[in-house]
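In: prediction below, plus the sequence it came from.
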Amino acid sequence: MTMDLQTDRRGSRLRYGSRTKLLAPGVVLSFVVAAAATFLNEHYGAPVMLFALLLGMALNFLAADARAAPGIEFTAKKLLRVGIALLGARITFVQMTELGAAPVILVAVSLVATIGFGVALARLAGRRWSFGMLTAGSVAICGASAALAISAVLPRGKDDERDTLMTVVAVTGLSTLAMIIYPILFRGLGFDDLGIGVLLGATIHDVAQVVGAGYAVSAEAGDAATLVKLLRVALLPVVVLTLAFAVNRNSEARAPMPVFALVFVLILAINSAGLIPALLQTAMVDASRWLLVAAIAALGIKTSLQAMFEGGPGHLLIILMQTLFLGAVATGLFAIL
């Protein structure tokens, strides 16, 4: 009995060691690219997700390397889900309710309207409904992170990775433009600092650009923008779980239950209860960021520049129209509420 246990443990260690050796080159490569993108972000203000993608694409030739391919695939899929789950450590239920009911209504209605508009627009443009869901979800929720999470539960298709990467590029670029233009636009429309902050949080795609735009206006606008944006992030698991349920009702297009979304909700609840020490919470948020950037880098390595732009300019146009729609709906609702 003892010898059997020892044999099993030795076998488990060998299998674990073999798998680690198999995955290590591709995982390390993805994190090296993520570190380079982070350096550019911290020293030159470059959008970290966009540069992780572009640097990864420059290394596309390594995707065919048998030594690197398994780890690249593991980072793009498995580590991506861990990173999304850890996003729950950024938010608490108290933060979500600090601004009252109006921002909650504004965010929820804007999200539903934008996703509905995006799916309808994609169908009108001759694209699949899943393409509209991917792009509109990334616009309505939290940019690149939402694109990655939603793509994980959509029915599989031959252009999935290309569509996801083009969506990341488009929402990151538009988010950077919005960070510059929206504060001027909303000030010109006569909104005060609080109003500008709420609208920035409700309309800009990526968290980093929301924070940058908000605090460039004032501390009050920055605080409001950050809280509203986190409210949008908190709706990510709701959308992902709903989408997974809807997809799984079709027996021809089943997707695995997104455990990462359930873990996101669990971590959010634990964090809201104050059970995560501050040091651990910071570590989880940092780990989430690194994992998501590495996942984008891995996706970039897997995709060639030529294949990425085979979809044509229509992809960018659809996301631009969804972005303008979200801005119009959020501004109109804010004025009413």
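Out: Perfect, thanks for sending it. Numbers count the residues shown, from 1 in each chain.

In: next SSE downstream of the helix or strand where residue 221 lies?
Out: Using DSSP states H and E, residue 221 falls within helix 219-234. Next helix or strand after helix 219-234 toward the C-terminus (DSSP H and E): helix 236-248.

In: please compute how far that following helix lies from its chain's middle.
Out: On the basis of Cα atoms, centre = their mean, to the nearest Å, helix 236-248 sits 15 Å off its chain's mean C-alpha point.

In: pLDDT (mean, whole number) over that helix?
Out: Helix 236-248 shows a mean pLDDT of 83.

In: which other helices and strands contact that helix?
Out: helix 129-140, helix 144-151, helix 259-272 (3 or more Cβ pairs under 8 Å, 6 or more residues apart in numbering; DSSP states H and E). Quick note: C-beta positions are derived from backbone N, CA and C, even for glycine.

In: who touches the shortest one?
Out: Contacts of helix 144-151 from elsewhere in the structure, counted by Cβ atoms under 8 Å, 6 or more residues apart in numbering, are 49, 80, 84, 87, 133-135, 137-138, 140, 160, 163-164, 167-168, 171-172, 205-207, 233, 236, 239-240, 243, 258, 260-261, 292, 295-296.

In: convert the C-alpha atoms of it to PDB, please.
Out: Once non-C-alpha atoms are left out, helix 144-151 reads as follows in PDB (Å, rounded to 0.1, in the frame of the first residue of the first chain):
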ATOM      1  CA  ALA A 144     -10.200  44.600 -23.900                       C
ATOM      2  CA  SER A 145     -11.000  42.600 -20.700                       C
ATOM      3  CA  ALA A 146     -14.600  42.200 -21.700                       C
ATOM      4  CA  ALA A 147     -13.600  41.200 -25.300                       C
ATOM      5  CA  LEU A 148     -11.500  38.400 -23.900                       C
ATOM      6  CA  ALA A 149     -14.100  37.200 -21.400                       C
ATOM      7  CA  ILE A 150     -17.000  37.200 -23.900                       C
ATOM      8  CA  SER A 151     -14.900  35.500 -26.600                       C
END
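
In: if we can go back for a sec, now the helix holding residue 221 against helix 259-272, angle please.
Out: If you take axes from the mean of the first three to the mean of the last three Cα atoms, to 10 degrees, helix 219-234 sits at 140 degrees to helix 259-272.

In: what's the separation between residue 194 and residue 70?
Out: Residue 194 sits 50 Å away from residue 70, going by Cβ to Cβ, to the nearest Å.

In: which strands and helices sit next to the helix holding residue 221?
Out: helix 93-97, helix 101-124, helix 193-203, helix 207-217.

In: tell me, which of those is the model least confident about?
Out: Least confidently modelled of these is helix 93-97, at a mean of 75 by mean pLDDT.

In: that one packs against which elements?
Out: helix 219-234, helix 259-272.

In: got these as CSV, with distance to residue 114 and mean neighbour count columns?
Out: CSV is the format used below for these (distance: least, Cβ to Cβ, whole Å; neighbours: other Cβ atoms under 10 Å):
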stretch, distance to residue 114, mean neighbour count
helix 219-234, 11, 22
helix 259-272, 20, 18
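
In: the residue nearest the centre of the chain and residue 32: what is the separation?
Out: The C-alpha lying nearest the average C-alpha coordinate of the chain belongs to residue 145 (Cα atoms, centre = their mean; 0.5 Å). Distance of residue 145 to residue 32, given as Cβ to Cβ: 21 Å.

In: now do residue 113
Out: On the measure of Cβ to Cβ, residue 113 and residue 32 end up 41 Å apart.

In: do residue 294 as well
Out: Taken as Cβ to Cβ, the span from residue 294 to residue 32 is 9 Å.

In: what's in contact with the helix holding residue 221?
Out: Contacts of helix 219-234 (Cβ under 8 Å, 6+ apart): 87, 90-91, 95-96, 98-99, 103-104, 107, 111, 140-142, 145, 183, 193-194, 196-198, 200-202, 204, 207, 210-211, 213-216, 268.
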